[in-house]
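Student: sequence and predicted model, in that order:
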Amino acid sequence: MNSNLKTITPKVTFVLIILILITGCQSPRKMVYLKDASKLDSTMVFQQPMKEYRIAENDVLYVRILTGNPEISALYNNVPTSGFSTSMSSEADQYINGFTVDKTGNINLPVLGKLTVEGLTLHEAEEQIQHLADEYLVDATVILRLLNYKVTVLGEVRQPGVYSHYNDQMTILQALGKAGDITDLGDKRNIMVIRSVPEGKITYQVDLTEKQLLTSPTFFVKPNDVIYVKPSGGKAFQINLPTMSMILSSVTTLIVLLQYFDNQ
């Protein structure tokens with residue numbers, strides 16, 4: 001029995017160590033973005049339709065109508081302006097000074113009145129307001145921006161949070177960059193994107209390691225998208241590491257004790 005126990009002891013310890021190491025290791029191919037893209041011809045073009053964002057209900061728009069006369073301009077804007085500067089530094093400022101698209105798809109502009117903008121691109125809405133302003137004013141300039149372009153990034157990223165963007169062509173990689181990138185414990189092959197549509201919510205599963213990402217409908221994020229980075233198996237390993245270490249230590253101690261009593 002003594003001989004058998006001495007033979008089994010190192011084997012059991014070795015197997016346990018190997019199992020722990022295998023559980024905690026991740027393949028480098030699971031950790032890189034677009035792993036096969038660099039192997040392709042550099043002249044290859046990935047077709048990604050650049051769909052302009054269309055204004056939807058509850059969007060908040062920044063609209064300013066400017067003229068050479070500040071007093072006249074103030075009449076056509078939400079708040080009086082001084083040198084045409086308006087605070088938009090917080091969500092409260094944006095809500096108060098912006099124009100919210102109501103359930104009928106309209107915004108209500110001072111003097112100009114109600115205007116239907118739902119379904120229009122930002123450029124189309126700006127042109128429509130410009131055309132209307134030209135009927136009342138001489139040399140007016142219309143500025144229109146989307147204020148509620150926000151994306152929520154959650155899960156295994158370094159800085160989870162809600163991030164604003166002022167360009168309607170933000171990509172999922174840019175959104176993750178704003179959140180400080182995915183942590184070493186995040187699974188780049190298993191990203192969930194939750195998107196609002198008129199019928200409700202839809203979800204997408206995204207693999208950031210595959211070149212097909214470049215043609216995915218989620219490559220360009222939309223306002224109010226939620227990006228959730230799921231944890232990889234490595235996180236479960238780290239969480240369970242103290243328990244596994246304790247078990248390994250206990251097994252080793254038990255084997256040492258058995259050896260000791262067997263030698264007595």
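Tutor: Ah, there it is.
Student: hey, where'd the strands end up in the stretch 1-150 of the chain?
Tutor: Counting by DSSP state E, counting those that start in this stretch, the stretch 1-150 of the chain has strands at residues 60-66, 99-100, 106-109, 113-116, 141-146, 150-155.
Student: and the contacts of the fifth one?
Tutor: So the one you mean is strand 141-146. Here strand 141-146 makes contact (C-beta atoms under 8 Å, 6 or more residues apart in numbering) with 53, 55, 59-67, 122, 125-126, 129-130, 133, 166, 168, 223. Any C-beta I mention is one placed from the backbone N, CA and C, and that applies to glycine too.
Student: show me where the stretch 1-150 of the chain has its helices.
Tutor: Here the stretch 1-150 of the chain has its helices, by DSSP state H, counting those that start in this stretch, at 2-24, 70-75, 91-97, 122-134.
Student: avg pLDDT for the second one?
Tutor: Translated: helix 70-75. Averaging pLDDT along helix 70-75 gives 86.
Student: elements contacting that helix?
Tutor: strand 60-66 (3 or more C-beta pairs under 8 Å, 6 or more residues apart in numbering; DSSP states H and E).
Student: run the angle between the strand it packs on and strand 141-146 for me.
Tutor: 170 degrees (axes from the mean of the first three to the mean of the last three C-alpha atoms, to 10 degrees).
Student: mean pLDDT lowest for which of the helices of the stretch 1-150 of the chain?
Tutor: Of all the helices of the stretch 1-150 of the chain, helix 2-24 has the smallest average pLDDT, which comes to a mean of 54.
Student: what does the model give the closest residue to E52 other than its chain neighbours for pLDDT?
Tutor: Excluding its sequence neighbours, the residue lying closest to E52 (C-beta to C-beta, 6 or more residues apart in numbering) is T121, at 4.3 Å. Note for T121: predicted pLDDT of 93.
Student: which strand runs longest in the chain?
Tutor: strand 186-197 (DSSP state E).
Student: backbone dihedrals for L176, please?
Tutor: phi -70, psi -30 (degrees, to the nearest 10).
Student: out of the strands of the stretch 1-150 of the chain, flag the one nearest R189.
Tutor: Comparing the strands of the stretch 1-150 of the chain by their distance to R189 (C-beta to C-beta), the top pick is strand 150-155, with 13.3 Å.
Student: pull the residues that contact that closest one.
Tutor: 160-165, 170, 175-176, 178-179, 186, 221, 223-231.
Student: what is the mean pLDDT for it?
Tutor: Here the average pLDDT along strand 150-155 is 94.
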